[in-house]
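Peer 1: Give me a 3D structure for the following:
(4 chains)
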Protein chains: 2
Amino acid sequence: MKMHNPPHPGEILRELCLKPLGLTVTQAAEALDVSRKTLSGILNGRAGISPEMAVRLSLAFGTSAESWMNQQTQYDLWHMERRRKKLHVAKLSAA
Amino acid sequence: MKMHNPPHPGEILRELCLKPLGLTVTQAAEALDVSRKTLSGILNGRAGISPEMAVRLSLAFGTSAESWMNQQTQYDLWHMERRRKKLHVAKLSAA
DNA sequence: ATCAGTGTAACGTATGCGGTTACAGATCAC
DNA sequence: GTGATCTGTAACCGCATACGTTACACTGAT
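Peer 2: The predicted structure is shown next:
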């Protein structure tokens, strides 16, 4: 009942932060004080948003670190839910 | 402006899930299909809630995986915010 | 052709989650 | 006391991932 295939946060980062400001990956990486490779990995969905990166993004773009973390959570959980059935977990609550 | 020192999710897990049901750590670990050590690490704040563990908890206790992830995020970010100033990040937005 | 920007492979490090085994301490039944 | 159970945790393993540097190939603009 949630969303379909949430985009990885890097996609949002590129579209809503880098593009509007006309920033190159290199420039943004320098501002964030991370390597170009690290930022590139996020932008292309090969790496996630770490708590530290969420804070860096909040500092650079004036957004909330929490929102970046939540986007990462949505992305992670969506991919994890597909493996629900593979987990042999016993119900404990409304048993 | 947020909360003070959010508890690690393991504390909530123990108080709100294990205790009310009178579950031992051993029993809960078996139900979750993880090792006793893994659950113990979470309960005692030495490990975080992974996306997979969040789904396991949701299956066992009928809670939402998202809520567990959010609690972990709150805990992580609170500890990360203390290092804000140590990050040499340049402002890019309202520059 | 030259140069800026980009993605990414290859290598390293650190951290974190997960497992097993084994131990010490606490608690309870007997 | 003796034994059983539960617990925390140390010591070890494997694996994944975040981050770094360096180096390469590709693209597009000048």
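Peer 1: And the helices in chain A, which stretches?
Peer 2: Remark: helices assigned in chain A by DSSP state H are A:9-13, A:19-21, A:25-32, A:36-43, A:51-61, A:65-81.
Peer 1: quick one, which of these is packed in tightest?
Peer 2: For these, average neighbour numbers computed from mean count of other C-beta atoms under 10 Å in any protein chain shown are highest in helix A:51-61, which has a mean of 22. From N, CA and C alone the C-beta is placed, and that goes for glycine too.
Peer 1: picking that back up, could the helices of chain A go into a markdown table alongside mean pLDDT and distance to B:N44?
Peer 2: Formatted as a markdown table, the helices of chain A follow (pLDDT from 0 to 100; distance: least, C-beta to C-beta, whole Å):
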| stretch | mean pLDDT | distance to B:N44 |
| --- | --- | --- |
| helix A:9-13 | 97 | 31 |
| helix A:19-21 | 96 | 44 |
| helix A:25-32 | 98 | 34 |
| helix A:36-43 | 98 | 32 |
| helix A:51-61 | 97 | 20 |
| helix A:65-81 | 97 | 23 |
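Peer 1: Could you export these to TSV, including columns for distance to chain B?
Peer 2: TSV is the format used below for the helices of chain A (distance: least, C-beta to the nearest C-beta, whole Å):
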stretch	distance to chain B
helix A:9-13	12
helix A:19-21	6
helix A:25-32	4
helix A:36-43	12
helix A:51-61	4
helix A:65-81	4
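Peer 1: Roughly how far does the closest residue to A:S64 other than its chain neighbours sit from DNA strand D?
Peer 2: Spatial nearest neighbour of A:S64, excluding adjacent residues (C-beta to C-beta, 6 or more residues apart in numbering or on different chains): A:S58 at 5.8 Å. Remark: distance between A:S58 and DNA strand D (C-beta to the nearest atom of the strand, to the nearest Å) = 13 Å.
Peer 1: Was I right to think A:S58 contacts A:P51?
Peer 2: No: between A:S58 and A:P51 there is no contact under C-beta atoms under 8 Å: 10.8 Å.
Peer 1: overlap in contacts of these two?
Peer 2: A:A65 (C-beta atoms under 8 Å, 6 or more residues apart in numbering or on different chains).
Peer 1: got a pLDDT number for A:H4?
Peer 2: Reported pLDDT at A:H4 in the predicted model: 82.
Peer 1: can you count the residues close to it?
Peer 2: Counted with other C-beta atoms under 10 Å in any protein chain shown, the neighbours of A:H4 add up to 5.
Peer 1: Next, see if stretch A:21-41 gets close to DNA strand C.
Peer 2: Yes: Stretch A:21-41 lies within reach of DNA strand C by C-beta under 7 Å from any atom of the strand, at A:T24, A:V25, A:T26, A:Q27, A:R36, A:K37, A:S40, A:G41.
Peer 1: Lovely, talk soon.
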